[in-house]
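Participant: any chance you could fold what I've pasted below:
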Amino acid sequence: IEGEVYLGDSVKIRSNTIIIDSSINNYTEVKSNSIIRNSIISENCVIGPYSRIRTGTKIGNFSQIGTFVEIKKSIIGSGCKINHMAFIGDAILGDDVIIGAGTITCNHDGNESQQTVIRSGSYIGSNVNLIAPIIIGENATIGAGSTITKNAPENKLTLSRPEQVTVQDREKIKSE
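Facilitator: Numbering: from 1, shown residues only. Got it, this is the predicted structure:
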């Protein structure tokens, strides 16, 4: 623990965790090997193991941030679940958003960071790329494996996948 750190009532901090200049509020558990820097974690959250919460992040009550999830300069609403191998950067998530494994917000355009907004109740499938700037509407569903480059409407399924093709007469590559 480094700098100014606030730990609320009944907070559990597991082994090999680093907390720097952050606030961890009541009944939250930070699992092993997590790093939290200059961030606010609200009540009744579960963080980790192996999570990295970077400067400028605020995580709402009852949210779960899981294994190998990195969050940078984002606001995560209450009741969100980002449980497996994801990167959420420069984003605002409403309440009760679910982010599937392997999802990333593609937040940097080569010159500066752009923002992703995901409205409350949305479900983002596994292995999704959200190309910022973008807004995902309330209660939207994004299909697994999609790369989303345009705003997605509320209460609808949005996906983008090329058609799968099998080449029948492909010449086998021989290793020498």
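Participant: what's the helix or strand for the most centrally placed residue in the chain?
Facilitator: In the chain, the residue lying closest to the centroid (CA atoms, centre = their mean) is residue 88, at 3.9 Å. In this structure, residue 88 is located in strand 81-89 according to DSSP states H and E.
Participant: partners of the helix or strand just after that strand, with directions?
Facilitator: Note on strand 81-89: by DSSP H and E, the next helix or strand toward the C-terminus is strand 91-93. Using DSSP bridges, the strands paired with strand 91-93 are strand 75-76 (parallel), strand 116-118 (parallel).
Participant: same question for strand 91-93, mean pLDDT?
Facilitator: Strand 91-93 shows a mean pLDDT of 98.
Participant: which residue is the nearest non-sequential neighbour of the residue nearest to the centre of the chain?
Facilitator: residue 71 (4.8 Å; CB to CB, 6 or more residues apart in numbering). Any C-beta I mention is one placed from the backbone N, CA and C, and that applies to glycine too.
Participant: can you count the residues close to that neighbour?
Facilitator: Look at residue 71: counted by other CB atoms under 10 Å, it has 27 neighbours.
Participant: remind me what the one helix or strand it maps to packs against, helices and strands.
Facilitator: In the assignment (DSSP H and E), residue 71 maps to strand 64-72. On a contact count with 3 or more CB pairs under 8 Å, 6 or more residues apart in numbering; DSSP states H and E, strand 64-72 meets strand 46-47, strand 52-53, strand 81-89.
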